[in-house]
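> fold the following, please.
(chains A and B)
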Amino acid sequence: MEHVVTRFAPSPTGFMHIGSVRTALFAFLWARKNKGTFILRIEDTDKEREVAGSVAHIQESLSWLNLTWDYGPQMSTPFGSCIQSERLPTYHAAARELIAKGYAYPDPYSAEEIDGFRRAAQANKEVFLFRKHRPKTFSEWDGKRPLRFLVPEIKRYEWHDEVRGDLSAGEEALDDFILIKGDGYPTYNFAHIIDDMHMGVTHVMRGDEFISSTPKFLSLYDALGIKRPKLVTLPPILREDKTKKLGKRDGAKDLLEYRKEGFLPAAMINFLAFIGWHPGSDRELFTLPELIEAFDISTIQTHGGSANEEKLLWFQHQHVKHLSDSEYKAAVMQSVFSGKEPENEERWNTILPLVRERAALSSTFTAEIDAGEYAYFFTAPEIDITLLPNKNSTLEVCRTHLKKILEILSSSDFSSVDSIKSAAWDYASQEGRGDVLWPLRYSLSGKKQSPDPFTIAHVLGKEETLARITGALNQIHA
RNA sequence: GGCCCUAUCGUCUAGGGGUUAGGACAGCGCCUUUUCAAGGCGUUAACCCGGGUUCGAGUCCCGGUAGGGUCACCA
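Prediction:
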């Protein structure tokens, strides 16, 4: 069986967003599924667009999602550096080879001259093709002029894409494109092909913006006698308004923002996997190992779609639910309490499992804590007496019920939620659950919304519970 | 504009000649050990248009239309 090698090859021009990380995920999944190799390669050949800190940001984003790479920056590999700017001699050697074969030549024109050609073509409503201006004779390449590829054969190219099927493009897609720029750095078109060859990449997975330049790549493969890797085109991710491909400048969100908001890596991964792929069944919940198992190139989507944050939130809820209490606590401690143990830790340990359904996102949870949403677990709440009665009930009825409940709970066992519940249940059922339980819950929490009264009573303990009921009763009298 | 890609509920999608066009999110309704959340049940909602091929077309072909991409010393 073929040893599968995939790579994720971002340029360090800013943060990672959903679109770029989805590409990384698919390449990762395919490598892992086939017990292959996953390479992180940094394509930093455009020094002007480079943004400081991008490489670290990319690595941190992938690490957060547990997308581990076998080879990457600062690692020793059989093929040298994974950073393109550190591989310049490799590209120059390949360039010399092409020159020797007669497939490359230095560009003799100035930028202004080329601009002139382009404008003239536009004026004639023609597609600008550099090869129409190819010089008759070539000078020696001094390494300072841009080096161009000499397209060996102008023809219609047809190729197979693992996702899109048979594709083709005509002669207009073929041109004498730049291999090495004036600054000595290679272009993407050249560098990625040389690297993929040296790194043994078997599957090139990338977005569909590269379909139109594929004939250029194919003619270069031919000129260099390279066996074509399998081409796997991933569907584009559009913005939510679907008017444009998702991009950094077009409202895409920094992936690490999601971490800040408290999304679980597992939820993010699961969400990402379903943008442009499906498992061939109705199942939607997958962990990363399960995705590796289920993933397949044959079920990658052909058409583009947009990412839907509501669905992401749903995945988050699902994955939070499957966390053990200690895993949930760890996640909350990390993002809510910045890894530090909070005050009243013991009590938080009790509270966390109770509120996790309504606090799936730790940023929401943090905001709720800041707003005092859970303060009643620690200190007696303010009671607004007009909110004490259940709807269509009266303060007088409340008083009766609370007095009775106080009496019942005074002699009850508080060792479990169930023991408290069973003590009060008969009375509540008999008298009308809403009329009894609403005032009880409200006098304990002071909130219109909270967990049920038995759960709260259990957390508070017998003494505090009885004190709060008494407090509510005193307010009624006053 | 040339070339290329794509087209099923609002969204993500299943389906590959004969289906009551299935699932999920969102919406709506109901249920539950008060409320909120979660959960359960139910429900609204789609084959871009026009021609072919065929006994029969979301499904195959052609043409429109729409959306996206690409035409750089960016990747």
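> which residues does stretch A:275-283 contact?
Outside stretch A:275-283, the residues that touch it by CB atoms under 8 Å, 6 or more residues apart in numbering are A:18, A:22, A:26, A:234-235, A:237, A:286, A:294-296, A:299-301, A:304-305, A:307. For glycine as for every other residue, the C-beta is placed from the backbone atoms N, C-alpha and C.
> so what does the host helix or strand of residue A:93 touch, helix or strand wise?
Here residue A:93, judged by DSSP states H and E, is contained in helix A:88-101. Helix A:88-101 is packed against strand A:104-106, strand A:147-149, strand A:178-180, helix A:188-199, helix A:214-224, with contacts defined by 3 or more CB pairs under 8 Å, 6 or more residues apart in numbering; DSSP states H and E.
> now the ones you listed as JSON lines including mean pLDDT and mean neighbour count?
Formatted as JSON lines, the helices and strands packed on helix A:88-101 follow (pLDDT from 0 to 100; neighbours: other CB atoms under 10 Å):
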{"stretch": "strand A:104-106", "mean pLDDT": "96", "mean neighbour count": "21"}
{"stretch": "strand A:147-149", "mean pLDDT": "97", "mean neighbour count": "26"}
{"stretch": "strand A:178-180", "mean pLDDT": "97", "mean neighbour count": "25"}
{"stretch": "helix A:188-199", "mean pLDDT": "98", "mean neighbour count": "21"}
{"stretch": "helix A:214-224", "mean pLDDT": "95", "mean neighbour count": "20"}
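> buried ones only from the contacts of stretch A:275-283, please, as a ChimeraX command.
Command for ChimeraX, covering only those of those found buried under the criterion 16 or more other CB atoms under 10 Å:
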select /A:18,22,26,234,235,237,286,294,295,300,304,307
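> and the contacts of stretch A:275-283 near RNA strand B, which?
A:235, A:299, A:301, A:304, A:305 (CB under 7 Å from any atom of the strand).
> could you chop chain A up by domain?
A:324-369, A:377-477 (automatic domain parsing).
> one step back: can the helix holding residue A:93 be said to contact RNA strand B?
No: Helix A:88-101 stays clear of RNA strand B (CB under 7 Å from any atom of the strand), getting no nearer than 11.2 Å.
> dump the helices and strands packed on helix A:88-101 to TSV, plus distance to residue A:422.
Below are the helices and strands packed on helix A:88-101 laid out as TSV (distance: least, CB to CB, whole Å):
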stretch	distance to residue A:422
strand A:104-106	85
strand A:147-149	82
strand A:178-180	80
helix A:188-199	67
helix A:214-224	71
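> mind checking which of those is nearest residue A:385?
If you check each of the helices and strands packed on helix A:88-101 against residue A:385 by CB to CB, helix A:188-199 wins as the nearest, at 70.5 Å.
> let me know the next secondary structure element after that closest one.
Following helix A:188-199 in sequence order, the next helix or strand is strand A:203-207 (DSSP H and E).
> on contacts alone, who are the packing partners of that following strand?
If you count contacts as 3+ CB pairs under 8 Å, 6+ apart, strand A:203-207 packs onto strand A:5-8, helix A:18-33, strand A:230-234.
> next structured bit after the longest one?
Looking back up the chat, that one is helix A:18-33. Later in the chain than helix A:18-33, the nearest helix or strand by DSSP H and E is strand A:37-40.
> if anything else comes up later, I'll come back, but that's it for now.
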